[in-house]
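1. starting from these lines, generate the structure:
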Amino acid sequence: MDFTGNREYDLGHHLAAGRYWLEKVAPPRGAIAISYCAFEFRLEIERLAFQYWLQVHKGEYTEEQLLHDIRAFKRLEKKVYDLGGKQDEINRYFELVRIFFETLELPCDFVTPNVGKLNKYWQACSEYCHVGWSLLWEDEGAVIAARAELGEISSYLDSQIQGLIGWPDLPVSKYEEKNQVIRDYIEGKSTKEQVVAFVKQQGLWGRIEYADGRPAKFAGKAVHPSSASSPDNRNIGG
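-> This next block holds a predicted model:
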């Protein structure tokens with residue numbers, strides 16, 4: 001792949017470009033390649049955060065708002081947390097998505113966003129983009145340590161990109177007790193076992209809806225309500 005020309009919109013473009021430079025590092029030489037690698041990885045981290053911003057930002061936005069929100073990584077991080085909740089809540093949100101998928105016997109490849117960890121790696125990459133790093137080019141130990149750290153960042157970014165990048169919507173019911181079950185789990189007030197028991201009692205089904213106009217279709221193995229559930233058959237759909 002030629003990284004000397006224009007940028008590409010592909011989600012993994014900056015990761016591939018950074019890996020290209022990382023392969024050029026050969027201690028004791030490699031200070032320039034490390035800086036270029038770190039710069040590309042930093043762009044990749046911002047690209048991932050931007051992707052999550054798009055997913056969690058429901059509704060429309062103006063170009064002015066977009067440019068304001070993505071101008072700084074800390075601003076992006078704050079926006080994702082403001083809209084998606086604290087990291088513990090985000091973790092449990094995606095755990096709940098996996099519970100529903102597992103119950104429906106569907107594969108779930110969604111990656112849990114961790115913007116705090118992305119911020120940690122963004123800061124690490126930034127250090128290699130400052131002039132101070134250029135003064136260490138003769139320090140073989142520093143070059144080896146930098147290569148190892150950037151290798152760790154590379155592996156993490158790859159694990160994020162290989163999964164599904166998205167913010168799936170959880171079902172919203174007209175029955176408050178069902179919505180409360182979801183809120184309780186996200187807030188840490190209930191367990192996986194309690195959620196599964198509720199789902200088996202109430203029932204659960206999945207449906208795929210396409211944005212291109214194709215007809216929706218059911219997905220996975222539906223869970224039929226148990227005989228002990230309420231007679232109005234208020235199963236959970238998603």
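2. and the strands in this protein?
-> Counting by DSSP state E, the chain has strands at residues 204-208, 217-223, 236-237.
3. may I see the buried residues of the first one?
-> What it means is strand 204-208. 204, 205, 206 (16 or more other C-beta atoms under 10 Å). Yep, even glycine has a C-beta here, placed from its N, CA and C like the rest.
4. quick check: domain ranges of the chain?
-> The record's domain split for the chain, according to automatic domain parsing, is 13-162, 176-237.
5. in JSON lines, list these along with mean pLDDT and distance to residue 168.
-> Shown next, in JSON lines, are these (pLDDT from 0 to 100; distance: least, C-beta to C-beta, whole Å):
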{"stretch": "domain 13-162", "mean pLDDT": "89", "distance to residue 168": "5"}
{"stretch": "domain 176-237", "mean pLDDT": "81", "distance to residue 168": "11"}
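6. please identify the most buried of these.
-> domain 13-162 (a mean of 17; mean count of other C-beta atoms under 10 Å).
7. need the contact list for the closest residue to residue 37 other than its chain neighbours.
-> Once flanking residues are discounted, residue 37 sits nearest to residue 21: 3.8 Å by C-beta to C-beta, 6 or more residues apart in numbering. Contact analysis of residue 21 by C-beta atoms under 8 Å, 6 or more residues apart in numbering lists 33, 34, 36, 37, 40.
8. make a markdown table from the strands of the chain and add distance to residue 48 to it.
-> What follows is the strands of the chain, written out as a markdown table (distance: least, C-beta to C-beta, whole Å):
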| stretch | distance to residue 48 |
| --- | --- |
| strand 204-208 | 25 |
| strand 217-223 | 27 |
| strand 236-237 | 30 |
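9. minimum distance to residue 107: which of those has it?
-> Comparison of the strands of the chain against residue 107 by C-beta to C-beta identifies strand 217-223 as nearest, at 9.5 Å.
10. ok, what's across the strand from residue 29?
-> With DSSP bridges as the criterion, residue 29 is bridged to residue 26.
11. how far does stretch 156-175 sit from the chain's center?
-> Stretch 156-175 has its C-alpha centroid displaced from the chain centroid by 7 Å (C-alpha atoms, centre = their mean, to the nearest Å).
12. ok, so what distance separates the most centrally placed residue in the chain from residue 163?
-> Geometric centre of the chain, nearest residue: residue 113, 3.2 Å, by C-alpha atoms, centre = their mean. Distance, residue 113 to residue 163, using C-beta to C-beta, to the nearest Å: 10 Å.
13. also residue 152?
-> Per C-beta to C-beta, residue 152 is found 18 Å from residue 163.
14. quick check: residue 204 touching residue 219?
-> No: between residue 204 and residue 219 there is no contact under C-beta atoms under 8 Å: 11.4 Å.
15. list residues touching both of the two?
-> Shared contacts of residue 204 and residue 219 (C-beta under 8 Å, 6+ apart): residue 104.
16. give me every residue that touches residue 168.
-> For residue 168, the contact set (C-beta under 8 Å, 6+ apart) comprises 97, 110.
17. could you pull out the helices for this protein?
-> Secondary structure of the chain, counting by DSSP state H: helices at 13-22, 31-56, 63-69, 73-84, 87-103, 115-127, 131-134, 140-162, 176-186, 192-202.
18. centre of the chain to the fourth one, how far?
-> Its chain's C-alpha centre and that of helix 73-84 lie 13 Å apart, by C-alpha atoms, centre = their mean.
19. tilt between it and helix 31-56?
-> Helix 73-84 runs at 30 degrees relative to helix 31-56, counting by axes from the mean of the first three to the mean of the last three C-alpha atoms, to 10 degrees.
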